[in-house]
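**Q** requesting a structural model of the entry that follows:
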Amino acid sequence: MLTGKPLRGTPYRPFVALPSFIFALYNENQKPGPGTERHFGLLYLNGTNVYPIDLSGKTLEPESGKGLPVPTNNEPYKGRIWCVAARGANATALDGARLFACGQGNGTCDPIELGGKCFKPDSVWWHASYAFSSYWVQFRKSGATCYFNGLAVQTTQNPSKCCVHVIFPKSN
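**A** Residues are numbered from 1 along each chain as shown. Model (predicted):
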């Protein structure tokens, strides 16, 4: 209980206030990604509770013995997802991450090499985006992520018209 009187704290620090915040008040049902990303709020859009949490502070004790409800909304996103370079990322860092992705083999970056069919537009951002998506398509089933030290983000917006069949996977 966040607002209980007297303060309850934790077993390690009893009777000490526990600073807390609410990550998402409402479910974001239009957000891309896994169902857990779209349904992380405390309230449905109509204002009813997703979880039995009293935000008013009037409930004295939570009902004991009841766990959280069984999730019914963790469906995988069924559209296409791309892994692209984050806007505003440092160009030197992007180029280093691109070299990592390209160095993993399997022709990951052949189309963006000089003279390749996806060389243009010739920019660090586009080449890194291509390399990130291509790498992610090939290696995500074995645990690869679209992170690249915070330089990449997932998007549902088609980032390019170049080489659609190579870099734009259907998400699983």
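
**Q** how long is stretch 133-147 end to end?
**A** One end of stretch 133-147 sits 11 Å from the other (Cα to Cα, to the nearest Å).

**Q** what's the distance between that stretch and the middle of its chain?
**A** For stretch 133-147, the separation from the chain centroid amounts to 14 Å (computed by Cα atoms, centre = their mean, to the nearest Å).

**Q** in that stretch, what's buried?
**A** 133-140, 144, 146 (16 or more other Cβ atoms under 10 Å). Every residue, glycine included, has its C-beta placed from N, CA and C.

**Q** so which of the residues you listed is the closest to Ile112?
**A** Nearest to Ile112, judged by Cβ to Cβ, of the buried residues of stretch 133-147 is Ser134 at 8.5 Å.

**Q** a helix runs through that closest one, doesn't it?
**A** Yes: according to DSSP: H, G, I helix; E, B strand; the rest coil, Ser134 belongs to a helix.

**Q** helix, strand, or coil at the spatially closest residue to Arg38 that is not a sequence neighbour?
**A** Spatial nearest neighbour of Arg38, chain neighbours left out: Lys31 (4.8 Å); criterion: Cβ to Cβ, 6 or more residues apart in numbering. When classified by three-state DSSP, Lys31 comes out as coil.

**Q** pretty sure Lys31 sits against Gly41.
**A** No: between Lys31 and Gly41 there is no contact under Cβ atoms under 8 Å: 10.3 Å.

**Q** who touches both of these two?
**A** Here Lys31 and Gly41 share no contacting residue, scored by Cβ atoms under 8 Å, 6 or more residues apart in numbering.

**Q** count of residues packed around Gly105?
**A** 9 (other Cβ atoms under 10 Å).

**Q** now do Phe148
**A** Per other Cβ under 10 Å, the neighbour tally for Phe148 reads 25.
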